[in-house]
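Student: missing the sequence, but the structure's below:
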């Protein structure tokens, strides 16, 4: 998931973002279904905080296809919300702002029961994060986001959005 960054010669980190949903007999089964539908079910997810490294390129994709094998570590930013109450919605979203020249930026992940609140929370959080970084924050571009929602009808559901940074095998640690 890395390639060369043209201007600096440093490796470019390609971060792919996708959203999806799942359903199942329990909330946890719905979460697993969402993981399968997004393309990250057979990895050990290691959640990262909100910083996008320099020289990163974000791409929104319909489904994730990270490299690696069953059980590998997958470094992600993730948002997920589960509900089992018929008539309620589950919403998840990841938003980001990024310096167009340096490729560095900030991620936020939010979740809840309303699309409008989710989008408002993403905008507000990124606004506060931008302000808290002074001149570096002023360089960050417009808010971008991926959101996904699902209505619970008869069985538990999960909305999920994942940004994949990298995968890593366990074998170099325990081999």
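Tutor: All right, it came through fine. Nothing here was measured: the structure is a model prediction, and the numbers come from that model.
Student: Can you give me the buried ones in the longest helix along the chain?
Tutor: Ranked by residue count under DSSP state H, the longest helix found in the chain is helix 115-131. Buried residues in helix 115-131, defined by neighbour count with 16 or more other C-beta atoms under 10 Å: 118, 119, 121, 122, 125, 126, 129, 130. Placement of C-beta: from N, CA and C, glycine included.
Student: Find the nearest non-adjacent residue to the fifth one, please.
Tutor: Okay, so that is residue 125. Counting by C-beta to C-beta, 6 or more residues apart in numbering, residue 125 lies nearest to residue 108, which is 4.5 Å off, once chain neighbours are set aside.
Student: residues near the one you found, how many?
Tutor: The number of residues packed near residue 108 is 23, by other C-beta atoms under 10 Å.
Student: Which helix or which strand is home to it?
Tutor: strand 105-112 (DSSP states H and E).
Student: number of nearby residues for residue 39?
Tutor: Neighbours of residue 39 using other C-beta under 10 Å come to 19.
Student: Is it in contact with residue 64, as I believe?
Tutor: Yes: between residue 39 and residue 64 a contact is recorded at 3.8 Å, counting by C-beta atoms under 8 Å.
Student: Quickly list what's touching both of those two.
Tutor: Common contacts of residue 39 and residue 64, defined by C-beta atoms under 8 Å, 6 or more residues apart in numbering, comprise residue 18.
Student: re the thing from before, any idea of the angle the longest helix of the chain forms with strand 105-112?
Tutor: Computed with axes from the mean of the first three to the mean of the last three C-alpha atoms, to 10 degrees, the direction of helix 115-131 lies at 150 degrees from that of strand 105-112.
Student: Past helix 115-131, which element shows up next along the chain?
Tutor: helix 134-138.
Student: which parts of that next one are buried?
Tutor: For helix 134-138, by 16+ other C-beta under 10 Å, it's residue 137.
Student: do stretch 163-170 as well
Tutor: Of the residues in stretch 163-170, 163, 164, 165, 166, 167, 168 count as buried by neighbour count, 16+ other C-beta under 10 Å.
Student: ok, the residues you listed vs residue 86, which is closest?
Tutor: Closest to residue 86 out of the buried residues of stretch 163-170 is residue 163 (30.5 Å), distances taken as C-beta to C-beta.
Student: In contact with the closest one, which residues?
Tutor: The contact partners of residue 163, taken as C-beta under 8 Å, 6+ apart, are 15, 16, 17, 58, 76, 77, 78, 94, 96, 107.
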